[in-house]
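Peer 1: pasted the sequence and its predicted model underneath.
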Amino acid sequence: MTGRLAVYALTPQGARLARGLAGEFGADLYLPRKLAGPDEKAFDSLPAQVAEVFHSYQGHLFVAACGIVVRAVAPLLKGKSQDPAVVALDQAGRHAVSLLSGHLGGANDLARRAAAVSGGEAVITTATDTAGLPSLDLLARDSNLAIENLGAVKNVNAGLLEGRIVQVFDPEARLVIPQAHCGLFEWVGAPHLLEADRPCVAVSWREGSFPAACLKLRPRVVVAGTGCRKGTPASEIVEAVREACARRGVAVKSLAALASIEAKRGEPGLREAADVLGLDLIFFPASRLGEVAVPNPSANALKHMGVESVCEAAALLATGADTLLLPKMKTKTVTVALAAAS
């Protein structure tokens, strides 16, 4: 698990253990006011404190009883893809229980790390882990693939638990499966070979036609070069980017970033659009964009931005590609071009 971690304790013995854990993990330490030192975060009510910071951290490690932790976090839960990791550790450090977001959130890993520090044992209850099987959400995460339909993970994991062979369509070999587990999978060369009554996985940035229950994993390799008029609302930019993807059959989940010209860095609509789509935002100086050969140079862009292309040049520059998936597409206020990294 990466990202910020919060550690909590409620008793003097728990506080001693929590201080060691917080120091080991570089975490923020929260203690009852009567136990907190000058440089530690004090609280009067654990549920109120957790409610205030729950979604500000990637993980929460409680030195407390499971029941206390469950009651504190239950009202705050949003969903499997959004909730942080939650681990409960008894004050003697014997059992580190992964309670929430064991896979995608990293609670299983956090429980193992906490147990290693306390000298205890990690308690992991996720079925694939207890069966010694890979979990597709973890394989996707470790392969830097976005999960388009998270609910389908359970279909594939259930198939593995039933001893069924999982079909995989992955023409660019982007899903990394440990050698020890390769015998659990069968690779097929075309989408139509995926059988609807079998657990299956499709790895592609193209929308494609896959069985309804198929797990769709999207490599984040496509960049949308984007230009816009001053003051263009985010909704118009998002709509244009989605339309560009639809024209070339590109899965929106395969977008990695919006790329534009440095002069647009202060454009609020671009920043908000990137947030809505969950994308990075990249800006290039005009001097670099001007070095890129593009299929559709624009005299208008040269007049107003000092370069013959913003969207096409930014997409090519951000991906290192030689050609575009989609040349410049124009709306009244937005230009978009798509390119994919190899």
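Peer 2: Ah, there it is. Numbers count the residues shown, from 1 in each chain.
Peer 1: low-confidence stretches in this structure?
Peer 2: Across the chain, residues meeting the criterion (pLDDT under 70) sit at 1-3.
Peer 1: quick one, helices of it?
Peer 2: Secondary structure of the chain by DSSP state H: the helices cover 12-25, 46-53, 66-73, 107-118, 127-130, 136-142, 153-161, 234-248, 268-277, 286-289, 299-305, 311-319.
Peer 1: need these in JSON lines (columns: mean neighbour count).
Peer 2: To be clear about C-beta, it is placed using only N, CA and C from the backbone, and glycine gets the same treatment. Output for these, formatted as JSON lines (neighbours: other Cβ atoms under 10 Å):
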{"stretch": "helix 12-25", "mean neighbour count": "18"}
{"stretch": "helix 46-53", "mean neighbour count": "16"}
{"stretch": "helix 66-73", "mean neighbour count": "17"}
{"stretch": "helix 107-118", "mean neighbour count": "22"}
{"stretch": "helix 127-130", "mean neighbour count": "15"}
{"stretch": "helix 136-142", "mean neighbour count": "21"}
{"stretch": "helix 153-161", "mean neighbour count": "20"}
{"stretch": "helix 234-248", "mean neighbour count": "19"}
{"stretch": "helix 268-277", "mean neighbour count": "18"}
{"stretch": "helix 286-289", "mean neighbour count": "17"}
{"stretch": "helix 299-305", "mean neighbour count": "14"}
{"stretch": "helix 311-319", "mean neighbour count": "27"}
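Peer 1: now do the contacts for residue 76.
Peer 2: Shown in contact with residue 76 (Cβ atoms under 8 Å, 6 or more residues apart in numbering): 50-51, 54-55.
Peer 1: ok so, going back, CSV for the helices of the chain, including distance to residue 216?
Peer 2: Below are those laid out as CSV (distance: least, Cβ to Cβ, whole Å):
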stretch, distance to residue 216
helix 12-25, 34
helix 46-53, 34
helix 66-73, 30
helix 107-118, 24
helix 127-130, 19
helix 136-142, 10
helix 153-161, 11
helix 234-248, 14
helix 268-277, 17
helix 286-289, 33
helix 299-305, 36
helix 311-319, 22
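Peer 1: of these, which approaches residue 203 most closely?
Peer 2: helix 136-142 (8.7 Å; Cβ to Cβ).
Peer 1: circling back: columns distance to residue 276 on top of the contacts of residue 76, output as a markdown table?
Peer 2: As requested, the contacts of residue 76 are exported to a markdown table (distance: Cβ to Cβ, whole Å):
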| residue | distance to residue 276 |
| --- | --- |
| 50 | 28 |
| 51 | 26 |
| 54 | 23 |
| 55 | 18 |
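Peer 1: do you know how far the residue lying closest to residue 104 once chain neighbours are set aside is from residue 128?
Peer 2: Leaving aside its sequence neighbours, residue 104 sits nearest to residue 137 (Cβ to Cβ, 6 or more residues apart in numbering; 5.3 Å). According to Cβ to Cβ, to the nearest Å, residue 137 and residue 128 sit 9 Å apart.
Peer 1: could you pull out the strands for the stretch 151-300 of the chain?
Peer 2: 166-169, 185-188, 200-203, 215-219, 222-228, 255-261, 280-284 (DSSP state E, counting those that start in this stretch).
Peer 1: so what sits opposite the residue nearest the centre of the chain in the bridge?
Peer 2: Central residue of the chain (Cα atoms, centre = their mean): residue 146, 6.6 Å from the mean position. Beta bridges link residue 146 to residue 218 when assigned by DSSP bridges.
Peer 1: my guess is it contacts residue 220. True?
Peer 2: Yes - counting by Cβ atoms under 8 Å, residue 220 is a contact partner of residue 146 at 5.8 Å.
Peer 1: now the common contact residues for the two.
Peer 2: Contacts common to residue 146 and residue 220, judged by Cβ under 8 Å, 6+ apart, are 253-254.
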